[in-house]
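Visitor: quick one: sequence and predicted model below, then my questions.
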Amino acid sequence: MGTIVIAIGGNAILNPERGDPQEQQRLIDNTAGEIVEIIQKGYDVVLTHGNGPQIGNLLAMQDECGLVHPQPLDVCGAQTQGMLGYSLQQSIDNRLKEKGVNKQVVTILTQVLVDDSCTSFENPTKPIGLYFPEFKARKMMERGIRMIQDQKGFRRVVASPMPESIVEVEAIKKLVHAGIIVIAAGGGGIPVVRKNGLLAGVEAVVDKDLTGSLLATAVGAETFLILTDVEKAALFYGKEKQVDIDEMTANEAERYIKEGHFGKGSMEPKVLAAARFVRSGGKQAIISSLNKALLAIEGRAGTRVTI
Ligand code: ADP
Ligand code: MG
């Protein structure tokens, strides 16, 4: 059946109650159930996931505590990768046991080399984490934390450089070829650069859809499936003349991006990631919602991107 890389959105595993563990577990179990159905169809599955809400919660805990040193963003990224990897790995394992499928699941703590010449480091624009009231935001800014203000309040902004390659890619490929279900590059991967040949973490977050596209190309996946909370990407999104897209070519995708049809930092990176995957030789990329995952693979739901 071939290899499929599935990127699941923070939304699918997000905890609206700011960290209620039971709610988190319920969402993880629901996601795992969908993934196991795809595994049962015979696909070799590589899973990646977002970490927006989780890294936001971690930063909020650090900001509030005041007793311990805040950890840099690469370390926070590693923590959320471990935490979500653990939950997904265990939940998928349990669902596989229930279904009598004899397969192993492992999470790879994954580093991603990023473009450190990127202007995003001097001028960070990616908002992450919780909203803060002005008095708190001012205090944080005095500590050197960059914040921006929108209608809902103040939020931290960080660099989000382009991912260039996945450090552990050979290990991931070997595991996939051995029939093991791999969870990798969670949260877009831990951002690192190479200095004089040595790896070092950087203060940034990486877009999980763009890293997912690199991962899908690297493992030679046929299909790159991006699961989020809308069933299709749309033109004129949210307007009266909204048109959902069933299919588009990479050329069309890039044209629609230029025309500004997709939300920056939400749908735009998904469409860009999909176009990059098919441009790099992948057969198809599909954007769909978690509960339509199987239908999407069968070509009966979602937005399909081909060359
Ligand atoms: P994820 O956590 O899955 O990455 P995001 O919130 O980043 O989710 O992206 C999905 C969101 O993108 C949808 O909830 C939708 O509101 C938004 N969006 C922005 N532009 C579009 C568009 N043109 N078509 C569909 N959804 C869009
Ligand atoms: Mg997103």
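Guide: Received, thanks. Numbers count the residues shown, from 1 in each chain. Ligands and ions are numbered 1, 2, ... in the order given.
Visitor: the stretch 201-307 of the chain against ligand 1: which residues are in contact?
Guide: Counting by CB under 6 Å from any ligand atom, the stretch 201-307 of the chain comes close to ligand 1 at 228-230, 233-234, 237, 261-263, 266-267. C-beta coordinates here come from the backbone N, C-alpha and C atoms, glycine included.
Visitor: where does this protein have low pLDDT?
Guide: Applying pLDDT under 70 to the chain picks out residues 11-18.
Visitor: what about the helices in it?
Guide: Ranges of helices within the chain are 21-40, 52-65, 73-99, 134-142, 169-177, 208-218, 250-258, 267-279, 293-297, based on DSSP state H.
Visitor: tell me which of those sits most buried.
Guide: Across the helices of the chain, averaging neighbours per residue (mean count of other CB atoms under 10 Å) puts helix 208-218 on top, at a mean of 27.
Visitor: closest residue of the stretch 1-150 of the chain to ligand 1?
Guide: For the stretch 1-150 of the chain, the residue closest to ligand 1 is Gly9, as judged by CB to the nearest ligand atom, at 1.8 Å.
Visitor: count of neighbours near that residue?
Guide: 22 (other CB atoms under 10 Å).
Visitor: return the set of residues that bridge with Thr306.
Guide: Taking DSSP bridges as the rule, Thr306 bridges to Thr249.
Visitor: nearest residue to the residue in the stretch 151-300 of the chain that ligand 1 sits nearest to other than its sequence neighbours?
Guide: Closest contact between the stretch 151-300 of the chain and ligand 1, by CB to the nearest ligand atom, is at Gly263 (2.8 Å). Distance criterion CB to CB, 6 or more residues apart in numbering; nearest residue to Gly263, sequence neighbours excluded, is Tyr237 at 7.1 Å.
Visitor: residues contacting the one you found?
Guide: Tyr237 makes contacts with 261-263, 267, as judged by CB atoms under 8 Å, 6 or more residues apart in numbering.
Visitor: thinking again about what came up before, out of the residues of the stretch 201-307 of the chain next to ligand 1, who's the most crowded?
Guide: Highest neighbour count within these, by other CB under 10 Å: Ala233, with 27 neighbours.
Visitor: mind checking how far the closest residue in space to that residue that isn't next to it in sequence is from Val182?
Guide: By the measure of CB to CB, 6+ apart, the closest residue to Ala233 outside its immediate chain neighbours is Thr303, 4.5 Å from it. According to CB to CB, to the nearest Å, Thr303 stands 25 Å off from Val182.
Visitor: neighbour-wise, which of those two wins?
Guide: Taking other CB under 10 Å, Thr303 and Val182 do not tie; Val182 has more neighbours (29 against 25).
Visitor: OK, contacts around the more buried one?
Guide: Under the criterion of CB under 8 Å, 6+ apart, the neighbours of Val182 are 46-47, 105-108, 172, 175-176.
Visitor: re earlier: let me have the residues of the stretch 201-307 of the chain next to ligand 1 in CSV, extended by distance to Leu214.
Guide: Listed next are those as CSV, based on distance: CB to CB, whole Å:
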residue, distance to Leu214
Thr228, 18
Asp229, 23
Val230, 23
Ala233, 20
Ala234, 26
Tyr237, 26
His261, 24
Phe262, 20
Gly263, 22
Ser266, 19
Met267, 19
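Visitor: so what's Thr223 up against?
Guide: With contact set as CB under 8 Å, 6+ apart, Thr223 has these partners: 2, 4-5, 216, 282-286, 297.
Visitor: switch to 6 Å and redo it
Guide: Applying CB atoms under 6 Å, 6 or more residues apart in numbering, we find Thr223 in contact with 4, 284.
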